[in-house]
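Build me a model:
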Amino acid sequence: MRLDGKIAIVTGAGSGIGRATASRLAAEGASLVLNDLNPKTLDEIAQQIVKQHGVKVAPAPGDVSREETAAKIAGTASSQFGRVDILVNDAGIHHVADITETSLEEWNRVIGVNLTSMFLVSRAIIPIMLRQRAGAIVNLASISSFVGQEMEGKSTFLYNVTKAGVMQLTTSLATRYGADGIRVNCVCPGAVKTNLILGSILKGQERVDDSVWQAIGPSHPLNRCAEPAEIAAAIAFLASDDASFITGAALPVDGGYLAR
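Just a heads-up that it's a prediction; the model follows:
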């Protein structure tokens, strides 16, 4: 129960890493403000977490690339709990297309969800943490923060750009607010068993055949893809007091991918 009594915000909590993170933080005792674009999904997850872990959960649905949603998240945390100890900026989307095939609308959409959202929510929450003189922010970066990548012959350049931006946002916030008691770190997952990265391959399918993961696994020295819960465990560590002297870090949780 490392997070007993803590108040945590998780964006993108409707599925994948965000959902696993919400469950992990609740299991360790944190009460939650959860965000996702789909209100119905969010309500179902909130009810499930309350039933399983007995913590308080306040949904704050909306598009995190919009200022009003960031304000709603901060307002919900303040009104329901009066403080924020942990912010996990998880919401994100993938994009597979060469630069010559990418429209300005697509560029703005991916930048908005993956990077602008972290700016907006962090901007709304940091003043609360400053008043407390304490807080931990964990951002979702990626192995894509470090490398160029292609998928089925197309570039993931736009996704990579956003994740590199997340890493620099993490670094800059960490150095600026460390003296104020706010730690800021990011995790950099490799391939994780969610539909985020594979959306373009799946072409609308809801389920992933195991052969897809088996094909991707050998690109990691551990010879497999990660489960969302494994990424959530690293996030929970960085959010906890066990990481009290860690800030400005980009933690690879990638099965050794970047070590090659």
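
Could you use CA atoms for every contact and neighbour count after this?
Will do.

for the chain, what helix or strand is lowest in average pLDDT?
helix 199-202 (a mean of 54; mean pLDDT, DSSP states H and E).

Which parts of the next helix or strand after that one count as buried, going by neighbours?
For helix 199-202, the following helix or strand on the C-terminal side (DSSP states H and E) is helix 210-216. Under the neighbour-count criterion of 16 or more other C-alpha atoms under 10 Å, helix 210-216 has Trp213 buried.

Next up, the contacts around the nearest residue to Asn114 once chain neighbours are set aside.
Distances taken as C-alpha to C-alpha, 6 or more residues apart in numbering put Gly92 closest to Asn114, at 4.7 Å, once the chain neighbours are dropped. By C-alpha atoms under 8 Å, 6 or more residues apart in numbering, the residues touching Gly92 are 12, 110, 113-114.

Now for those: which two are most distant?
Largest separation among the contacts of Gly92 by C-alpha to C-alpha: Gly12 and Val110, giving 14.1 Å.

Those two - which one has more neighbours?
Between Gly12 and Val110, counted using other C-alpha atoms under 10 Å, Gly12 has the larger neighbour count: 28 against 20.

and the nearest residue to that one once chain neighbours are set aside, what pLDDT?
Nearest-residue entry for Gly12: Ala91, 3.9 Å, with adjacent residues in sequence omitted and distances by C-alpha to C-alpha, 6+ apart. As summarised for this prediction, Ala91 has a pLDDT of 95.

any low-confidence regions in the protein?
197-209 (pLDDT under 70).

mind checking the longest strand of it?
strand 182-189 (DSSP state E).

Quickly run through the sheet partners of it, with directions.
strand 135-140 (parallel), strand 250-253 (parallel) (DSSP bridges).

can you list the ones you listed in TSV and add mean neighbour count and distance to Ala60?
Rendered in TSV, the data for these read as follows (neighbours: other C-alpha atoms under 10 Å; distance: least, C-alpha to C-alpha, whole Å):
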stretch	mean neighbour count	distance to Ala60
strand 135-140	26	18
strand 250-253	21	28
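
Do a quick rundown of the helices in the protein.
16-27, 39-53, 67-80, 104-111, 117-132, 157-177, 199-202, 210-216, 228-239 (DSSP state H).

Fine by me, we can end here.
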